[in-house]
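1. Curious how this folds, go ahead:
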Amino acid sequence: QVQLVESGGGLVQAGGSLRLSCAASGRILSRYTMGWFRQAPGKEREFVAAVSWSSTRTNNLDSVKGRFVISRDNVKNTAYLQMNSLKPEDTAVYYCAASPYNLATMVRQYDYWGQGTQVTVSS
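-> Here you go, the predicted structure:
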């Protein structure tokens, strides 16, 4: 049984920063891609970023390039999403997930999901 637990969400003003963490337990996920998705009210869940087991990074959303950085610590079995220069349009529930596919970007490619953490950016 794999559990992913996100933390670090909250309310922040535009231009501020947050660091999300995703702690995995129950299984070592060092060979899995770790990804972050987000879902705003009334919208579909969208891919934000993924990091492979060897820490190759990818940011899929143009709107977060240069602002968000994904990383992982395989010793701690934890993934992170550093979010800088936050904008009101970044407001969403952020989910971490684990995939056996290298640098996966689609929801259906991910086997394990966390419960999500709310990020709210005020203008």
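2. and the residue minimising distance to the centre of the chain, what does it touch?
-> The centroid of the chain falls nearest to Trp36 when counting by CA atoms, centre = their mean (2.3 Å). Taking CB atoms under 8 Å, 6 or more residues apart in numbering, we find Trp36 in contact with 20, 22, 48-50, 70, 79, 81, 94-97. (Glycine included, C-beta is placed from N, CA and C.)
3. and which of the residues you listed is nearest to Ser63?
-> Val48 (9.5 Å; CB to CB).
4. And for the closest one, the neighbour number?
-> By other CB atoms under 10 Å, 25 other residues sit near Val48.
5. For the closest residue to it other than its chain neighbours, give me the pLDDT.
-> Closest residue in space to Val48, ignoring its immediate chain neighbours: Trp36 at 4.4 Å, by CB to CB, 6 or more residues apart in numbering. With respect to pLDDT, Trp36 scores 97.
6. Could you pull out the strands in this structure for me?
-> Secondary structure of the chain, counting by DSSP state E: strands at 3-7, 10-13, 18-25, 33-39, 46-51, 57-59, 68-73, 78-83, 92-99, 112-113, 117-122.
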